[in-house]
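Q: got a sequence here, can you model it:
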Amino acid sequence: MAVGKKSSHKNAARSRHLIKQAFAELLNEKDMSKITVTDIVERANISRGTFYAHYLDVYDLYTAIQSNIVETLNETLELLGMENIILDPSKAIRTGIDFLDKNKEYYKLFLTSSHGETLIKRIMTLTEEKFTEVITQILPEEEAKEYIYHMYYVIGGFRSILLHWFEDRDPLSKTECAELLIKFYSENCFSALSEAVRNKRNSDG
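A: Take a look at the predicted model:
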């Protein structure tokens, strides 16, 4: 990459970071519907032209942030591997909690805002699709159908626990939260699914 292009790319990335940071700060102060482009550019100390070079409006910015969060989740699930997550959910859960804890205030703003339900739905849909794909591949149709219902229950439980963890004024530590999620997962009929994954791997090997 030429020096000029590299510098331009770096400046664009810095501008997007400043915009997102300013937006997050404002979201902590007032509802998204009351945040304007003027608010953001003044807080970020950038020009309106710089903002519009990256986003159409405030909602477009919010949608881009949502997409980035969902994409990060998807990349994490792909990296860990869905079968590995089923076989060793404790590792995946601890990895996820560590990641959320490092960026807790940032994610809290977007998950608990007035438009947070849209992001939560996108996250849940992605997770459900990933689990459904594995379940339907390794279990007979009738058994898979039952496990898919269990999966919706477990993912819904995770959603409730994590949202409470974000909003609680005296929250569990990240270790305590991870252990609670691991216990909730293991108690909700996923042992047979783990066994099915092991059997599949043994037969493939």
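
Q: gap between the helix or strand of the chain with the lowest mean pLDDT and the chain center?
A: Least confident helix or strand, the chain: helix 191-204 with a mean of 71, by mean pLDDT, DSSP states H and E. Centroid separation for helix 191-204 versus its chain: 27 Å, with Cα atoms, centre = their mean, to the nearest Å.

Q: check stretch 69-78 too.
A: So, by Cα atoms, centre = their mean, the centroid of stretch 69-78 is 7 Å from its chain's centroid.

Q: is it true that Y153 touches F184?
A: No: taking Cβ atoms under 8 Å as the definition, Y153 is not a contact partner of F184, at 10.1 Å. Any C-beta I mention is one placed from the backbone N, CA and C, and that applies to glycine too.

Q: neighbour-wise, which of these two wins?
A: F184 (15 against 12; other Cβ atoms under 10 Å).

Q: you'd agree the more buried one is up against G157?
A: Yes: assessed by Cβ under 8 Å, F184 is found in contact with G157 at 5.6 Å.

Q: residue contacts, A24?
A: 106, 109-110 (Cβ atoms under 8 Å, 6 or more residues apart in numbering).

Q: list the buried residues for the helix or strand where it lies?
A: Element membership for A24 (DSSP states H and E) is helix 3-27. If you call a residue buried by 16 or more other Cβ atoms under 10 Å, then helix 3-27 has these buried ones: 15-16, 18-20, 22-24, 26-27.

Q: same question for stretch 54-69.
A: 55, 58, 61-66, 69.

Q: angle of the helix ranked longest in the chain against helix 191-204?
A: Longest helix of the chain, by residue count under DSSP state H: helix 141-167. If you take axes from the mean of the first three to the mean of the last three Cα atoms, to 10 degrees, helix 141-167 sits at 120 degrees to helix 191-204.

Q: quick one: neighbours of H150, just the number.
A: Number of residues near H150 (other Cβ under 10 Å) recorded here: 16.

Q: mind giving me the domain ranges of this structure?
A: 1-55, 60-204 (automatic domain parsing).

Q: circling back: now do the buried residues in the longest helix of the chain.
A: Those would be 144, 147-148, 150-151, 154-155, 158-159, 162, 165-166, for helix 141-167 by 16+ other Cβ under 10 Å.

Q: what does stretch 80-91 give?
A: Buried residues in stretch 80-91, counting neighbours by 16+ other Cβ under 10 Å, are found at 82-83, 85-87, 89.

Q: turn these into CSV, including pLDDT and secondary structure.
A: Output for the buried residues of stretch 80-91, formatted as CSV (pLDDT from 0 to 100; DSSP: H, G, I helix; E, B strand; the rest coil):
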residue, pLDDT, secondary structure
M82, 88, helix
E83, 84, helix
I85, 86, helix
I86, 83, helix
L87, 82, helix
P89, 85, helix
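
Q: list just the nearest of the residues you listed to T125.
A: Taking Cβ to Cβ as the measure, T125 lies nearest M82 of these, at 15.0 Å.

Q: can you tell me the closest non-neighbouring residue to that closest one?
A: V134 (4.6 Å; Cβ to Cβ, 6 or more residues apart in numbering).
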